[in-house]
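**Student:** Quick one: sequence and predicted model below, then my questions.
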Amino acid sequence: MKKIFQPFAVINSQTFIIMALLQVVLALVLWHTTSNGLMPQPGKVAAALVHLSTTKLLIDNVLVSLVLTLKAMLYAIIITLFFAYLSVLPFFRSIAEFIVKCRYLTLAGLIFVFTLLTQNGSALKLWLLIFGIVPFFVTSFLSVIVHIHQQEYDLCKTLGYSNWRTLYEVIIVGKADKVLEILQQNFAIAWLMITMVEGLNMSEGGIGALLIKYNKYNDLTNVLALQLVIFLLGLFFDALLTIMRRWLFPYTTLATK
Amino acid sequence: MTAYTKQQVLLQATDVCLNYRDTPVLHDINFTIKNIMRPGVEQGQVVSLLGRSGVGKTQLFRLLAGLQQPTSGSIIIDGNKQVQAGDMGVVFQHYYLFEWKTIYQSLRMATSQNPVLKGNEKEAIEKWAAAFDITACLHKYPQQLSGGQRQRASIMQQLLKGSKFLLFDEPFSGLDVCVLDKVVDMLLQVSVADELNTLIIVSHDIETSVAISDTVYILGKEEGGSTIKKEIDLIERDLAWHKDVRRHKAFADTLDEIKASL
């Protein structure tokens, strides 16, 4: 017991699970006891979640959001890899650096520009989402490239490889596992943005649109139930990407002897 | 003394200088490595470049490996070829290998660069793996290997590439006594595997380097950057090619002489 309050103390996984479960229970009890009339109690939120999950409304809207997110992630990763791989060429380095700086642009101010550039609401949402994700993806991947150890390039050169072959071996093949890691890290950002962009074109639905609708009528019970769905879906994709990374790149989980 | 002759020049470093911006790091590096012939023995060359930490050994290593170009001067191999990346086999400190490739895949990277092995890559890997006792590790990743296995795989990779020159950066650094003996044995094994095999060891481990070398160059600091301050021909002193050389008094005297020169 004393151990869990000691800095750098190591506890076994069973103790950790019990401790985490107790913390969840404690948080729920606190939530339950401190909730007033405005704030729904956890039981009510759970009941709303059960009710929502049996309706077609939730499944349809989750599917709309998921398709949009996955589409945006796919395009974003293609654009990211293109610019990140080519960032080792001086001509593309400045472009990649500019994309990194685009993190400081807010989407809200660019909605009209994107409306002019896209044909319909669906494309608007997709490209806003891509524009929102790409700078974060590029930032993460450029950081991976910058931190590649010189010995990795040197080994290729000593084997007599050309610069293009070195780029292929060290960055494209060697850092393929990092692409999935970046996807995993940035999925949260994409998932966060989905609610925002879906608010722009609510006619097509989506979990973001649903959330805005419930929020508009101060239906906190359903808002929290939806938040729970978003949270759980996020955790699910996080776990899925971890499993995929371990399966595709087994060396990432090998312990050094 | 063992009979020997020094024949053609294998490597010639002439007036090599290296500056970083305006700061001279190396200046007027001059040395020659010649092919040593011994009757009845496929005797390769083992040359050590010794110096204190921070004297510029790593920079000289990179120049010799062709990973960096000197500010002036030249490093010529095979009579008239300016050394370039890929000409030399390079074994990095800590025996670096790609973490995302199995040992077999790493070795295939090397064999694909060796025209002599074309069509026989698999057989060559199997033959060398058996000789280096790493057959069981071929389909493992470097993270799964012990330090000794990793080091053997790393040396083997460079040998399979087909270069007669092998450069070692601090090969004895951080090794325990047992592994150190194995490394020494392996380097000696490689040095007698082919007449033209030339091992260049850049190290600050004086004793081990001298014990396996035929020539020692001492790198020291001077006003205008580091340069080779002394050349010691260990063959002339009858200190080369002896297994028990460490027991000789002349060996201890040579170590003292080197230490005094550093």
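**Tutor:** On my side now, so go ahead.

**Student:** How much space separates B:Ser191 from chain A?
**Tutor:** Separation of B:Ser191 from chain A (CB to the nearest CB, to the nearest Å): 19 Å. C-beta here means a position set from N, CA and C on the backbone, and glycine is covered the same way.

**Student:** now that residue, nearest residue through space, not along the chain?
**Tutor:** Nearest residue to B:Ser191, sequence neighbours excluded (CB to CB, 6 or more residues apart in numbering or on different chains): B:Gly44, at 4.0 Å.

**Student:** three-state assignment of whatever residue of the stretch 51-200 of chain B ends up closest to chain A?
**Tutor:** Scanning the stretch 51-200 of chain B for proximity to chain A using CB to the nearest CB identifies B:Gly86 as nearest, at 3.0 Å. Secondary structure, DSSP: H, G, I helix; E, B strand; the rest coil: B:Gly86 is coil.

**Student:** Chain neighbours aside, what residue packs nearest to it?
**Tutor:** Closest residue to B:Gly86 apart from its sequence neighbours, by CB to CB, 6+ apart: A:Gly160 at 3.0 Å.

**Student:** Residue numbers of the stretch 1-150 of chain B in contact with chain A?
**Tutor:** For the stretch 1-150 of chain B, the residues in contact with chain A (CB under 8 Å from any CB of the partner chain) are B:65-67, B:85-90, B:92, B:96-100, B:109-110, B:113, B:141, B:143-147.

**Student:** And for A:Ile235, the neighbour number?
**Tutor:** Small correction: residue A:235 is Leu, not Ile. If you count neighbours by other CB atoms under 10 Å in any protein chain shown, A:Leu235 ends up with 10.

**Student:** By mean pLDDT, point me to the weakest helix or strand of chain B.
**Tutor:** One helix or strand of chain B scores below all others by mean pLDDT, DSSP states H and E: helix B:177-191, with a mean of 83.

**Student:** For that helix, output the C-alpha coordinates as CSV.
**Tutor:** Extracted in CSV, the C-alpha atoms of helix B:177-191 (Å, rounded to 0.1, in the frame of the first residue of the first chain):
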residue,chain,number,x,y,z
VAL,B,177,37.4,-9.7,-20.9
CYS,B,178,35.9,-12.9,-22.4
VAL,B,179,34.2,-11.1,-25.3
LEU,B,180,37.4,-9.0,-25.8
ASP,B,181,39.4,-12.1,-26.4
LYS,B,182,36.9,-13.4,-28.9
VAL,B,183,36.9,-10.1,-30.7
VAL,B,184,40.7,-10.2,-30.9
ASP,B,185,40.6,-13.8,-32.2
MET,B,186,38.1,-12.9,-34.8
LEU,B,187,40.1,-9.9,-36.1
LEU,B,188,43.1,-12.0,-36.4
GLN,B,189,41.1,-14.7,-38.2
VAL,B,190,39.9,-12.0,-40.6
SER,B,191,43.4,-10.6,-41.1
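
**Student:** Please point out which parts of it sit buried.
**Tutor:** For helix B:177-191, the neighbour count (16 or more other CB atoms under 10 Å in any protein chain shown) marks B:183-184, B:186-188, B:190-191 as buried.

**Student:** Mind giving me the packing neighbours of that helix?
**Tutor:** Contacts defined by 3 or more CB pairs under 8 Å, 6 or more residues apart in numbering or on different chains; DSSP states H and E place helix B:177-191 against strand B:45-51, helix B:147-160, strand B:198-203, helix B:206-212.

**Student:** can you put these in CSV and add mean pLDDT?
**Tutor:** Output for those, formatted as CSV (pLDDT from 0 to 100):
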stretch, mean pLDDT
strand B:45-51, 94
helix B:147-160, 87
strand B:198-203, 93
helix B:206-212, 93
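
**Student:** possible to save those as TSV with mean neighbour count?
**Tutor:** Listed next are those as TSV, based on neighbours: other CB atoms under 10 Å in any protein chain shown:
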stretch	mean neighbour count
strand B:45-51	25
helix B:147-160	23
strand B:198-203	24
helix B:206-212	20
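
**Student:** so which of these comes closest to A:Ala190?
**Tutor:** Relative to A:Ala190, the nearest member of the helices and strands packed on helix B:177-191 by CB to CB is helix B:147-160, separated by 39.5 Å.

**Student:** what residues are up against whatever residue of the stretch 101-250 of chain A ends up closest to chain B?
**Tutor:** Shortest the stretch 101-250 of chain A-to-chain B distance, computed as CB to the nearest CB: residue-wise this is A:Gly160, at 3.0 Å. Applying CB atoms under 8 Å, 6 or more residues apart in numbering or on different chains, we find A:Gly160 in contact with B:85-87, B:113, B:161.

**Student:** and if you look at A:Leu124?
**Tutor:** Counting by CB under 8 Å, 6+ apart, A:Leu124 touches A:111, A:114-115, A:118, A:200-201.

**Student:** What is the burial count for B:Glu222?
**Tutor:** 11.

**Student:** for chain A, which spans come out with low pLDDT?
**Tutor:** A:255-257 (pLDDT under 70).

**Student:** Flag every residue of it that's near chain B.
**Tutor:** Proximity of chain A to chain B (CB under 8 Å from any CB) is limited to residues A:151-152, A:154-155, A:157-161, A:169, A:173-174, A:176-177, A:249-251, A:254-257.

**Student:** again, only this time at 6 Å
**Tutor:** Contact residues, chain A versus chain B (CB under 6 Å from any CB of the partner chain): A:151, A:154-155, A:157-160, A:174, A:251, A:254, A:256-257.

**Student:** farthest pair in the residues you listed?
**Tutor:** Spatial extent of the residues of chain A next to chain B (CB to CB) is set by the pair A:Gly160 and A:Lys257 at 29.7 Å.

**Student:** in chain B, which spans are strands?
**Tutor:** Using DSSP state E, the strands of chain B run over B:5-20, B:23-37, B:45-51, B:72-77, B:81-82, B:89-91, B:165-169, B:198-203, B:215-222, B:225-233.

**Student:** Now that we have those, can you turn them into a markdown table and tack on distance to A:Ser53?
**Tutor:** A markdown table is the format used below for the strands of chain B (distance: least, CB to CB, whole Å):
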| stretch | distance to A:Ser53 |
| --- | --- |
| strand B:5-20 | 65 |
| strand B:23-37 | 68 |
| strand B:45-51 | 71 |
| strand B:72-77 | 72 |
| strand B:81-82 | 71 |
| strand B:89-91 | 60 |
| strand B:165-169 | 61 |
| strand B:198-203 | 66 |
| strand B:215-222 | 73 |
| strand B:225-233 | 73 |
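
**Student:** Moving C-terminal from the helix or strand hosting A:Glu181, which element do we reach first?
**Tutor:** In this structure, A:Glu181 sits in helix A:176-198 according to DSSP states H and E. Sequence-wise, the next helix or strand downstream of helix A:176-198 (DSSP H and E) is helix A:207-216.

**Student:** angle of that following helix against helix A:176-198?
**Tutor:** Orientation check (axes from the mean of the first three to the mean of the last three CA atoms, to 10 degrees): helix A:207-216 against helix A:176-198 gives 40 degrees.

**Student:** This completes my enquiry, with thanks.
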